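*Asks:* Just the structure for this:
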Amino acid sequence: MTQFPHLFSPIRLGPTTIKNRIVSLPHGTRLGSGGNSTEREALYFAEKAKGGTGLIIHGALMMDETTWMPGAYVRVDRDECIPGLRRVADSVHQYGTRIIGQLLHLGRQRYVGSFMPVSMFRPFLSLFGEKAHGKLNWRISRDWSRVTGEARRE
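*Replies:* Here you go, the predicted structure:
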């Protein structure tokens with residue numbers, strides 16, 4: 001394949017070597033359950049790895065319960081998520097594929113039965129019991145630190 005001579009060659013990303021340059025981009029699979037990864041999700045990603053993908057980016061890993069979408073999305077803000085994520089990682093590592101997660105925080109949106117953007121207008125903000133403007137950056141930084149710290153523990 002002379003048109004893409006490097007496509008199937010390894011590439012180093014920091015301390016990690018990816019077996020080729022084929023990447024599965026992040027997307028919501030909706031294969032989680034109760035905020036955790038499932039066996040079905042592990043099998044989904046394993047099939048991608050088995051097909052030759054070098055790097056999988058697991059999409060929409062919710063990093064805070066205030067922006068979590070109930071149902072099929074995976075949360076990463078608590079220890080209960082670790083066994084499911086371990087199962088997903090193991091399912092792709094058996095094929096030499098690497099996997100990373102796309103952490104998602106919905107910013108000034110909140111789930112209140114359905115997603116609602118937080119308006120700039122003060123009366124609307126009071127519905128959520130907080131003033132999102134000043135607290136948002138601090139909260140995202142705090143949540144990011146907590147999630148990455150928990151990942152290091154495992």
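*Asks:* Surely residue 66 is in a strand?
*Replies:* No. Residue 66 is assigned helix when assessed by DSSP: H, G, I helix; E, B strand; the rest coil, not a strand.
*Asks:* count of residues packed around it?
*Replies:* 15 (other CB atoms under 10 Å). C-beta here means a position set from N, CA and C on the backbone, and glycine is covered the same way.
*Asks:* Do a quick rundown of the strands in the protein.
*Replies:* 11-13, 16-18, 23-24, 55-62, 74-75, 98-104, 109-111, 115-117 (DSSP state E).
*Asks:* want to throw those strands into CSV with mean neighbour count?
*Replies:* Converted to CSV, the strands of the chain look like this (neighbours: other CB atoms under 10 Å):
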stretch, mean neighbour count
strand 11-13, 10
strand 16-18, 13
strand 23-24, 16
strand 55-62, 21
strand 74-75, 25
strand 98-104, 18
strand 109-111, 16
strand 115-117, 12
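*Asks:* Any chance of JSON lines for those strands, columns mean pLDDT?
*Replies:* Shown next, in JSON lines, are those (pLDDT from 0 to 100):
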{"stretch": "strand 11-13", "mean pLDDT": "94"}
{"stretch": "strand 16-18", "mean pLDDT": "95"}
{"stretch": "strand 23-24", "mean pLDDT": "97"}
{"stretch": "strand 55-62", "mean pLDDT": "92"}
{"stretch": "strand 74-75", "mean pLDDT": "90"}
{"stretch": "strand 98-104", "mean pLDDT": "92"}
{"stretch": "strand 109-111", "mean pLDDT": "61"}
{"stretch": "strand 115-117", "mean pLDDT": "54"}
